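Colleague: have a look; sequence and predicted model below, questions after that.
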Amino acid sequence: MEKKQFNILIKEKFKNINLIAVSNREPVVHEYLGKKIISHRSVGGLTIALEPIMRNLNGTWIAYGGGSADKAVLDKNNEIKLPTDEESYTLKRLFLSKTEIDGYYYGYSNSVLWPLSHIVYKQPEFDSRYFEIYKRVNKKFADSVIEEIKLMNDENSKEDADNIIWLQDYHLSLAAKYIKEYDETLKIGIFWHIPWPNPEVFSICPEKKELLEGLLSNDLIGFHILYHCQNFLKACEWELEAQVNWADYLVTYKGHTTKINPFPISIDARSLYDFSKDMNINSDDFNNLKELIELPHQFLALSVDRIDYTKGIKEKLMAIDLFLEKYPEFIGKFIFLQLGVPSRMHIKSYKEYYDEINSMAEQINWKYKNDDWYPIVLFLKQLDLQSYIYFYKIADIVIVSPLHDGMNLVAKEFIMSNTDYKGMLILSKFTGSSKELTEAILINPYNIECFADSINNALELDDEEKKRRVSKMQDIILDNDIYDWAYNFLSKLKTI
């Protein structure tokens with residue numbers, strides 16, 4: 001869907017709603033630069049998708065404020081109108097203590113729910129103290145929503161308008177329950193951005209019943225793919241003995257019915273394609289990026305990952321090692337560039353994973369290097385989107401090989417940036433995007449030998465075949481972009 005069409009449709013269809021979006025991450029962060037306050041926009045599909053809706057509907061976005069100057073710019077209701085030159089939607093911030101951040105975010109969200117959902121043989125760190133803080137913070141988010149609804153009702157900004165709340169992700173699985181306790185007539189939906197595990201895995205969670213009851217307080221739950229919906233329905237049958245309507249994907253529990261649907265998330269495909277098409281990669285603007293890969297090479301393989309044990313980076317390095325061993329003709333001609341951003345380094349398993357990746361890269365480079373060449377380049381710092389697109393355009397292959405992933409938008413970004421059809425995508429079967437991008441070279445990242453062979457196969461693919469495959473994948477992404485995702489979810493929630 002074109003952005004212009006999207007803006008017209010949401011104004012027409014949703015003009016009589018008060019929309020409140022709720023997420024852990026905020027769309028805009030305010031920071032001190034000396035005595036000056038600067039703002040920067042969060043990067044990610046969620047911001048791209050939600051901001052146009054919030055602007056057109058003058059909605060309210062509630063999020064955790066983590067910037068050093070976030071409090072300084074707010075009014076008495078902890079709100080700021082954004083963007084400041086237009087004042088088209090409201091950002092309402094709530095603030096968390098260090099104890100709450102440690103328990104809710106690093107603790108329960110990312111040491112329990114994250115590994116539990118991603119099934120990568122990383123045991124969750126169950127701790128009842130984490131869950132108590134997680135509940136407390138979910139209540140805090142819910143209270144902020146209720147406070148905003150009361151303000152809206154007092155102002156009567158939209159007469160006879162419906163209040164609709166859209167929760168985002170696994171950080172807020174209990175919030176709907178607390179909101180419904182205030183007003184059970186409110187329409188609430190949540191989109192779960194990560195996988196939902198199979199019922200055998202989910203059953204080990206000590207708080208499984210409370211999580212399901214919290215989620216079933218929503219009127220609509222969205223997942224990326226049908227398989228995750230089915231896993232959730234099975235969990236409701238197993239753990240709650242809830243009434244599940246498999247024909248219509250409905251769950252009825254304690255008199256309340258919840259709709260479960262897949263809504264595959266995507267990217268701003270047309271804008272990305274047009275931007276990439278117009279980019280001159282030979283300009284001086286990219287000289288600093290060219291210096292990252294000054295090593296002599298004929299073939300460039302690329303990956304872009306957050307440094308996380310679910311992303312399969314260790315397995316990828318093992319596959320490259322075996323690839324060079326099986327196909328020694330590529331020694332001296334092939335380079336693998338891993339772009340990534342360290343994250344959640346407060347969590348021990350993340351720090352250990354980061355160290356292990358660096359150690360593996362050093363060992364492989366030592367094994368194969370010659371006087372002026374080595375195969376693996378790690379650059380583990382944040383880049384802007386334009387820089388990532390530059391590397392997408394010059395890569396011969398892009399490897400997206402998570403062990404488990406809800407969707408993975410890097411795969412879609414690469415395909416839409418590949419306007420010259422130079423590169424080919426190697427994609428894990430365990431990503432949501434593999435259900436759409438079937439023309440990619442699909443791999444099982446646990447099967448290291450087949451992984452290594454797939455790298456060779458991708459490099460040997462002829463230009464005509466690459467163009468056929470990439471063109472087909474581009475059409476698929478254009479037919480269901482980020483605006484379709486947002487419009488489809490909100491349309492479904494409005495009609496429930």
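Modeller: Received the coordinates, thanks.

Colleague: ok, now which ones touch Glu315?
Modeller: The neighbours of Glu315, taking C-beta atoms under 8 Å, 6 or more residues apart in numbering as the test, are Ser401, Leu403, Pro445, Tyr446, Ile448, Phe451. To be clear about C-beta, it is placed using only N, CA and C from the backbone, and glycine gets the same treatment.

Colleague: and for Ser173?
Modeller: With C-beta under 8 Å, 6+ apart, Ser173 has these contacts: Leu113, Asn138, Ile190, Leu211, Gly214, Leu215.

Colleague: list phi and psi for the third one.
Modeller: In this case it means Ile190. phi -130, psi 140 (degrees, to the nearest 10).

Colleague: distance of the most centrally placed residue in the chain relative to Arg25?
Modeller: Geometric centre of the chain, nearest residue: His193, 6.1 Å, by C-alpha atoms, centre = their mean. As for His193, its distance to Arg25 is 11 Å (criterion: C-beta to C-beta, to the nearest Å).

Colleague: all helices of the stretch 201-350 of the chain, in order?
Modeller: Assigned by DSSP state H, counting those that start in this stretch, the helices in the stretch 201-350 of the chain fall at 208-215, 226-240, 269-278, 287-290, 313-326, 348-368.

Colleague: report all helices and strands that the third one contacts.
Modeller: With contacts defined as 3 or more C-beta pairs under 8 Å, 6 or more residues apart in numbering; DSSP states H and E, helix 269-278 has these neighbours: helix 385-394, helix 409-417, helix 463-479.

Colleague: list the buried ones in it?
Modeller: Ala269, Arg270, Leu272, Tyr273, Phe275, Ser276 (16 or more other C-beta atoms under 10 Å).

Colleague: please apply the same query to the last one.
Modeller: Of the residues in helix 348-368, those buried by neighbour count under the rule 16+ other C-beta under 10 Å are Ser349, Tyr350, Tyr353, Tyr354, Ile357, Met360, Ala361, Ile364, Tyr368.

Colleague: which ones are touching the fourth one?
Modeller: Think Tyr354. Tyr354 neighbours (C-beta under 8 Å, 6+ apart): Ile307, Pro342, Met345, Leu380.

Colleague: between His193 and Arg25, what contacts are shared?
Modeller: In contact with both His193 and Arg25: Leu46, using C-beta under 8 Å, 6+ apart.

Colleague: the contacts of Tyr354: which two are farthest apart?
Modeller: Met345 and Leu380 (11.1 Å; C-beta to C-beta).

Colleague: neighbour-wise, which of these two wins?
Modeller: Neighbour count, other C-beta atoms under 10 Å: between Met345 and Leu380, Leu380 has more, with 15 against 12.

Colleague: got any ranges where the protein has weak pLDDT?
Modeller: The model of the chain has pLDDT under 70 over residues 43-45, 156-160.

Colleague: max-length helix in it?
Modeller: Using DSSP state H to define each element, the chain has its longest helix at helix 128-155.
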